[in-house]
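**Q** structure of the sequence below:
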Amino acid sequence: MDFKVNGKAVSFDGDSEMPLLWYLRDIEGMTGTKFGCGAGLCGACTVHVDGVASRACLTFMGDLAGTSVTTIEGLADGDTLTALQMAWAENNVPQCGYCQSGQIMQAAALLKDNPSPTDAEIDEAMYGNICRCGTYQRIKAAIRSVAEGTVTGGTL
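**A** Down below sits the predicted model:
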């Protein structure tokens, strides 16, 4: 089966029921996507599959033929962070940082589909992405700063 990961063509001929999460971490060596709950409930493993936020722990390799997967490692353009990643830093969002790649990937999908979300729309889109450190207000502020165009760097 052929698909793309962060724009790079890859091929996989292993177990079709292997979760994408294990492929990314164990085969591709991309450790930005985290294992949290393994049941799609926490959002730590969120990636984009054809531009849609998806839980990598519940996405099976057999379902990826012809798709394009983007991970946190593929979000930036080389060393140039996205406006969302810059907003994360400017708003001091991470504490422990464990959930942050999933949070950013979920937020990026939201902003792609809705560049000017309301607070209620942010809450709805981010629901299910758990932050044990409780930085939800900073997460919302970072998303809002991108939507309002007040980030001081990065690319959209």
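**Q** relative to Val5, how far out is Gly14?
**A** 14 Å (C-beta to C-beta, to the nearest Å). The way it works is simple: take the backbone N, C-alpha and C, and place the C-beta from them, glycine included.
**Q** comparing these two, which residue is more hemmed in?
**A** Val5 (23 against 12; other C-beta atoms under 10 Å).
**Q** where along the protein do the strands fall?
**A** 2-5, 8-11, 46-49, 52-55, 68-70 (DSSP state E).
**Q** hmm, who's touching the first one?
**A** Applying C-beta atoms under 8 Å, 6 or more residues apart in numbering, the set of residues contacting strand 2-5 from outside is 9-12, 24, 28, 30, 64-71, 74.
**Q** with the second one instead?
**A** Contacts made with strand 8-11 from outside it, assessed by C-beta under 8 Å, 6+ apart, are listed as Met1, Asp2, Phe3, Lys4, Glu28.
**Q** who wins for neighbours among the residues you listed?
**A** Ranked by the number of neighbours (other C-beta under 10 Å), these place Phe3 first, at 20 neighbours.
**Q** distance check, that residue against Arg138.
**A** 34 Å.
**Q** please apply the same query to Ile104.
**A** 12 Å.
**Q** swap in Ala147?
**A** For Ala147, the distance to Arg138 equals 15 Å [C-beta to C-beta].
**Q** can you check Asn6 too?
**A** With C-beta to C-beta as the criterion, Asn6 and Arg138 are 27 Å apart.
**Q** so what's Cys96 up against?
**A** Arg132, Cys133.
**Q** oh, and call the first residue 31 from now on, that's how I've got it
**A** Okay, residue one is now 31; in that scheme the one you just asked about reads as Cys126.
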